[in-house]
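Visitor: Requesting a structural model of the entry that follows:
(chains A, B and C)
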Amino acid sequence: MAFYITRRLLAMIPVLFVLSVIVFLIIYLIPGDPAAVMLGDGASPETIEALREQMGLNLPLLPQYLRWIGHTLQGELGDSFFMRQPVRTALAEHLGPTFSLALLAELIAIVIAVPLGVRAASRRGELADKALTGFSLFGITVPGFVLSMFTVLLFSVQLKWLPVSGYKPLSDGLITHLKYLILPALSLGIVQAALLARVTRSSMLEVLNEGFVKTALAKGVSEQGIVYRHVLRNALLPILTVIGGSFGALLAGAAVIESIFNIPGMGQLLVNSVQRRDYAVIQGVILFVAFAYVMVNLAVDLLCTIVDPRVRLK
Amino acid sequence: MITTTIQHRELAAEPLLRVNGLKKYYSAANQAGFRQSVVKAVDGVSFDLREGETYGLVGESGCGKSTLGKSLLRLTEPTDGEAFYQGVDLFKQPRKAFQTYRRELQMVFQDPFSSLNPRQIIGQALEEALAIHRIGTPKERTLHAMEMLHTVGLQMEHYYRLPHELSGGQRQRIGLARALILNPRIVICDEPVSALDVIIQSQIINLMRRLQAELKLTYLFIAHDIAVVRHISDRIGIMYLGKLVEEADTDSLFANPLHPYTQVLLSAVPVPDPAARRQRIILEGDLPSPLDPPSGCAFHTRCPYAMDRCRTETPVQREASEGHFAACHLI
Amino acid sequence: MPLLEIKADELAARRLRLKRENRKLFVRRFLVNKAAVTGSVLIALVAAVSLFAPWIASRDPYAIDVVNRLKAPSAVYPFGTDNFGRDLLTRVVYGTRMSAEVGFAVALGSSAIGLVIGLYAGYFKWLDQILMRVMDGLFAFPAVLLAIAMMAALGPSVGNLILCLIIVFVPSIARIVRSSVLTAKETTYIEAMHTLGASHNRIIWKHILPGSLSTLIVQGSFIFAEAIIVEAALSFLGAGIPAPTPSLGNLLSDGKLYIYNSSWMTLFPGLALVLVVLAMNLFGDGIRDLLDPHARRSLTKRLVQPLKQRPAPFQAGSAAADEPLLQIRELKTQLHTERGRVPAVDGVSFEVGKGEVVGIVGESGCGKSATAQSVLRLFDEKRLAEYEGEIRYNGIDLLKLTPKQMRSVRGNEISMIFQDPLSSLNPVHTIGEQIVETLRLHRPIGKKEAWTKAVELLRLTGIPAPERRAREYPHQLSGGMRQRVMIAIALACEPQLLIADEPTTALDVTIQAQILELILDLNRRMGMSVMLITHDLGVVAEACSRVVVMYLGQVVESGDVRTLFEKPLHPYTIGLMQSIPRLDGDRSQELAAVPGSVPSLDQLPQGCRFAPRCTYADDKCRTVMPELAALPGGDTLVRCWHAGKLSGMEA
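Guide: Numbering: from 1, shown residues only, chains lettered A, B, ... in the order given. The predicted structure is shown next:
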């Protein structure tokens, strides 16, 4: 087991390496001089040169990369040009809201999708199945931010049940915290649920075709027993994999949602930095998000080994 | 004009194919993923194929017989060994040069369904073989394909069918046709009838015998059903865990099986005769895994006659009588 | 060969006709597929709007008219105006066109590049390592974030956006193509191409690509939709298409600030976006179903009515001492398949006595497996199977039981083991757990006691070190041991009848012998009857006391095993016996094969079903179905008009 974890961690390294190279190179996509772009038209050549020195842009490519990766590995991500604080601090401050949002959205998605998918698979062709098809089509068609605007129109503007935007941290009380998060999390979660429901259903259907289902039938197991004791656990693997794989999309959706609802999370941080061309922050956020994505997938992998003994034991 | 019949060849003194010490090892990832363990799928097999004969290769799962067939055609590159054909070591040929030999050594596969491209009509599948080797004009290829269909007992209508429109037996006939359309001298048959029903099996076996006589083919017939192998083979080799444990002409093998494994194998086959009193030797335990083969003689863990020597020393092929070899310390 | 040429031309004409018919069939299937049709209609709509934009919306999308700002929808401004007084209808139309263009360009570009990468990465292992590392690295990035970052660097413009999005989506296409290539490489026909000497490129482009094309088209449609969404999100955030160029994302961004009072600014662009995306998603869905009909229409078992309680103990009727344990009378099982109703079992009758081993033998499609599954009513009765006739077990007709009662029969009175022991065992439960489940289903027994019993059963079936094995998982055991486990599960509740469906077919011959010995041993010791289904006449001869021969859903001969082998009566049985190569037969003779092959169950011949292949068939055979009857002076039942006269033919 420990071997397996070590091996997976080692396998992550090339991926993380490629990631770091891509993030590093983003600066180089900029036509012209990044420092000049950041400072704007009115900057003097001296100021630009000073910034270039500070950013290390005058070094050749490879040393620059090594310098950058060296700093990054030590947790030194540079300073935000516009916020006058280390990138590290900015990231830490903005982490909380995004984490709550993503977690809540994922929970909503799982709670909706898995039971729906299981039901649709065991009652094929009937109402639950058709509902799922419609629901999943809805989910992949209506983008999260469009859905969120429609829900705001309904729940905040018309019904006035929930606040339109804003964010209250957990320290202000759980109910308040949730009141501000529920609409954004719902928009994100429903889109996620649509995908997940589909995967759940098709995974269940595939497992239902396996031989051991017939054996269980021949033993006299009831339908419930077959679905929940035999099929579901086997169907779990692809579902877990998709949860991990779509986590990235969830974070991306969160970025957009945060700007609609004015939630001070990573997404908003990123968007603002993009608009201001605050490259250090952009790099920091992207790197962090990608790293988080890789870690989540690792966690999912490990979860898979618990669920499926074939992976665990050879 | 393309001829389908091969001119009669003199039975040469030299074997058509001489295989020496063929080895195929795979490295399998271990549980930890770090230490690599080696699967010795084929572990030093040597035999000859004489022109015009059928050599039957028999063994259970994991014995390496299929791997051996694939290695001979370099569908998977052998780890070691030589295969002399017309004086040339096939394994030493660079891949480009080896392509020309592909016309002479062909293969018939086990699964009649997946061995045909589901999107290609039968006629095109046959013609493709000719197209790859640039034989004839397109019109000539079509005619040749149609002749081939006839040779294997199908109608010209079948030229335009797709594989899923044919039955298993018909598809296997196509498999044969495709292998034979290039006029090969050696055909390696990898479990060609195992996936077919009993009655169709017999049809295909009859067809293969007829074609062998007509086209002067040499077969390497790989199978696990020893009764089928007996019916079609002139000589038989028995494989166990990557090694050839016994080899003899068919009648001698059945009259006097020398290796204990051969004896067990023969006694295990269910006989379709309720009155027969069979002295069955039931083995204890399972086939050892090729990942972790026993030391010395691979069969010693299940052999009813195992001695101490068998555990430590690997037996070599010894000739017990004319043309009858066995790898066992009891000989 | 002029005769051959004429035939060739004639056949070519026939083939052309067939192609035309296939095309018509495809069009018909297309029209029936609601998703594909709706999707196509919507796509056509979007395409029309895009192409004819200047005529549909005659106003200038950039014309600012501050006087008329934020006007609600009216006759003059069908969609209203925005905060700069620009006509929203015009802006939406041009925005839709922009989305369509971006979507199309991205779908095309990423498909083309992803296809080439996927094909070569899937085919050449060394290339795979390099390429897929890069692809995985890119794939690790959430699409929107990567696009944001790239756009931030490159600067907002339509060209940059398309480039960005192509880079973002190439990995997902490459992955999908690559996995379809990997699957294709495993198939035997690709191996066959190698043996023929085909070059790598020939194999990739001629043989592997066509298989991946359908996946590509489906995936391309979904990428089209996703690209539009991502573009909208980016433009919404100001990182995509720069204002004032109309894009649905921009419009939504504009509308965000005025959502309370001028909700039309959000509503119409939102609806337009949903429409375009929906069009592509529906189309993609529809095409996927069309190109892979088996995925949808494959029948899955919908299970019997759920009942929450523990099954009530089944009161087995006590049959009279000399009455057979199992009596099947005129059993008919109709299965609903893609090709309609198929009579898998068509009037089958036979018996299994107490302690007897009865062999059911026949080739594929004869209905032996279907008969076995019918006894335990394993088929989905809501969607798949209909039964007729009687199956009397200890005097009680199983076909008349309620689902709950049937469940108390299964695994308890009558057990079944299947052909492939690997796929028949649940991979995530331990061996012990699987045996315990059966015990606790039918007996009031505690977990600990059940576990002890399970270990005992493993010992009984000859598994060494059963305590350790009980804690292991199926994949850790060999094929032979797994089959022993199946038998242990089947024996747990001491059934009176064991149905064994090809229990040794998937096993090596030395293991086969062991398992057969075990089954016979259990039959002798426990007095358990066995219904042994097989295609191997050798197994029948060794193990069974009586034999039932089946062909195309019917019994054609049944009787005592010795009589059957010494003097087979039905031409099919005779043919079967003569086809088998025997270890003591004459090698120089050809096997006496029966001509032709088994017709499919939806094309049954009239009269005797074996007549088309039978050398002795006459007109009566071809028109009238013979009955299963005994010959005078014998016990064997046979279904043939000429049975008596043929008894001169020896096996």
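
Visitor: From now on I want contacts and neighbour counts done on CA atoms only, so please keep to that.
Guide: Will do.

Visitor: okay, now A:Gly75: neighbour count?
Guide: A:Gly75 has 11 neighbouring residues, counting by other Cα atoms under 10 Å in any protein chain shown.

Visitor: and the residue lying closest to it once chain neighbours are set aside, what helix or strand is that in?
Guide: Sequence neighbours aside, A:Arg88 is the residue nearest to A:Gly75 in space, at 7.4 Å (criterion: Cα to Cα, 6 or more residues apart in numbering or on different chains). Secondary structure here is read from DSSP states H and E; on that basis A:Arg88 sits in helix A:87-122.

Visitor: Show me how far that helix is from its chain's centre.
Guide: Between the mean C-alpha location of helix A:87-122 and the chain-wide mean there is a distance of 8 Å, by Cα atoms, centre = their mean, to the nearest Å.

Visitor: elements contacting it?
Guide: Applying 3 or more Cα pairs under 8 Å, 6 or more residues apart in numbering or on different chains; DSSP states H and E, we find helix A:87-122 packed against helix A:127-141, helix A:174-208, helix A:247-261, helix A:266-276, helix A:279-307.

Visitor: between those helices, which one is nearest to chain C?
Guide: Ranking these by proximity to chain C (Cα to the nearest Cα) places helix A:247-261 first, at 4.5 Å.

Visitor: and that closest one with helix A:87-122, angle?
Guide: 110 degrees (axes from the mean of the first three to the mean of the last three Cα atoms, to 10 degrees).

Visitor: any idea of the angle helix A:247-261 forms with helix A:174-208?
Guide: In this structure, helix A:247-261 runs at an angle of 150 degrees to helix A:174-208, with the same axes, to 10 degrees as the basis.

Visitor: how much space is there between the residue in the stretch 151-300 of chain A that chain B sits nearest to and A:Ser100?
Guide: Distance from chain B to each residue of the stretch 151-300 of chain A (Cα to the nearest Cα) is smallest for A:Leu298, at 17.0 Å. Taking Cα to Cα, to the nearest Å as the measure, A:Leu298 falls 20 Å from A:Ser100.

Visitor: Equivalent analysis for A:Pro309, please.
Guide: Taking Cα to Cα as the measure, A:Pro309 and A:Ser100 are separated by 32 Å.

Visitor: quick one: low-confidence parts of the stretch 101-250 of chain C?
Guide: Along the stretch 101-250 of chain C, segments meeting pLDDT under 70 span C:140.

Visitor: Just the helices from it, written as ranges.
Guide: With helices called from DSSP state H, counting those that start in this stretch, the stretch 101-250 of chain C shows them at C:125-140, C:143-154, C:158-186, C:188-196, C:200-202, C:209-237, C:248-257.

Visitor: Over to the most centrally placed residue in chain B: give its phi and psi.
Guide: Compute the mean C-alpha point of chain B, and by Cα atoms, centre = their mean the closest residue is B:Ile222, 2.9 Å away. According to degrees, to the nearest 10, the main-chain angles of B:Ile222 amount to phi -100, psi 130.

Visitor: my read: it touches B:Ser66, true?
Guide: Yes: in this structure, B:Ile222 sits in contact with B:Ser66. The criterion is Cα atoms under 8 Å, and the distance is 7.0 Å.

Visitor: what residues do the two have in common as contacts?
Guide: Both B:Ile222 and B:Ser66 are in contact with B:Asp190, where contact means Cα atoms under 8 Å, 6 or more residues apart in numbering or on different chains.

Visitor: quick revisit: out of the helices of the stretch 101-250 of chain C, flag the one nearest chain B.
Guide: Across the helices of the stretch 101-250 of chain C (criterion: Cα to the nearest Cα), the nearest stretch is helix C:188-196, sitting at 4.0 Å.

Visitor: which other helices and strands contact that closest one?
Guide: Helices and strands touching helix C:188-196, by 3+ Cα pairs under 8 Å, 6+ apart, are strand B:105-108.

Visitor: What helices and strands are in contact with the strand it packs on?
Guide: When contacts are defined as 3+ Cα pairs under 8 Å, 6+ apart, strand B:105-108 sits against helix B:168-180, strand B:186-190, helix C:188-196.

Visitor: which one of these lies closest to C:Arg97?
Guide: Each of the helices and strands packed on strand B:105-108 was checked against C:Arg97 via Cα to Cα, and the shortest separation belongs to helix C:188-196, namely 43.7 Å.

Visitor: The closest one vs helix B:168-180, what angle?
Guide: Helix C:188-196 runs at 20 degrees relative to helix B:168-180, counting by the same axes, to 10 degrees.

Visitor: before we move on, the earlier item: turn the helices of the stretch 101-250 of chain C into a markdown table, including mean neighbour count and distance to C:Ile580.
Guide: Below are those laid out as a markdown table (neighbours: other Cα atoms under 10 Å in any protein chain shown; distance: least, Cα to Cα, whole Å):
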| stretch | mean neighbour count | distance to C:Ile580 |
| --- | --- | --- |
| helix C:125-140 | 18 | 44 |
| helix C:143-154 | 25 | 62 |
| helix C:158-186 | 21 | 32 |
| helix C:188-196 | 21 | 27 |
| helix C:200-202 | 13 | 42 |
| helix C:209-237 | 23 | 39 |
| helix C:248-257 | 24 | 73 |
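
Visitor: could you dump the ones you listed to CSV with distance to C:Thr333?
Guide: Conversion of the helices of the stretch 101-250 of chain C to CSV gives the following (distance: least, Cα to Cα, whole Å):
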stretch, distance to C:Thr333
helix C:125-140, 49
helix C:143-154, 53
helix C:158-186, 36
helix C:188-196, 35
helix C:200-202, 48
helix C:209-237, 37
helix C:248-257, 58
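
Visitor: what's C:Val548 in contact with, if anything?
Guide: Shown here is C:Val548, whose contacts under the criterion Cα under 8 Å, 6+ apart are C:350, C:358-361, C:555-559.

Visitor: Quick check: which element contains it?
Guide: Element membership of C:Val548 [criterion: DSSP H and E] is strand C:546-551.

Visitor: Direction included, what does that strand pair against?
Guide: Listed by DSSP bridges, the sheet partners of strand C:546-551 and their directions read strand C:357-361 (parallel), strand C:554-560 (antiparallel).

Visitor: and C:Leu331, which of those strands is closest to it?
Guide: Ranking the strands paired with strand C:546-551 by distance to C:Leu331, with Cα to Cα as the measure, places strand C:554-560 first at 9.6 Å.

Visitor: List the buried residues of that closest one.
Guide: The neighbour-count check on strand C:554-560 (16 or more other Cα atoms under 10 Å in any protein chain shown) flags C:554-560 as buried.

Visitor: domain ranges for chain C?
Guide: In the assignment given by automatic domain parsing, the structural domains of chain C cover C:88-282, C:326-406+C:499-582+C:589-650.

Visitor: Can you list phi and psi of A:Asp79 for me?
Guide: For A:Asp79, the backbone dihedrals are phi -120, psi 150 (criterion: degrees, to the nearest 10).

Visitor: Not counting its neighbours along the chain, what's nearest it?
Guide: The spatial neighbour of A:Asp79 that comes closest, neighbours along the chain excluded (Cα to Cα, 6+ apart), is A:Pro86 at 4.1 Å.

Visitor: And for A:Leu19?
Guide: C:Gly137 (5.4 Å).

Visitor: What separation is there between the one you found and C:Asp128?
Guide: C:Gly137 sits 14 Å away from C:Asp128, going by Cα to Cα.

Visitor: so, if you compare the contacts of C:Val548, which one comes nearest to chain B?
Guide: Nearest to chain B among the contacts of C:Val548, with distances taken as Cα to the nearest Cα, is C:Val361, at 11.4 Å.

Visitor: so who does that closest one touch?
Guide: When contacts are counted by Cα under 8 Å, 6+ apart, C:Val361 touches C:368, C:533-537, C:540, C:547-550.
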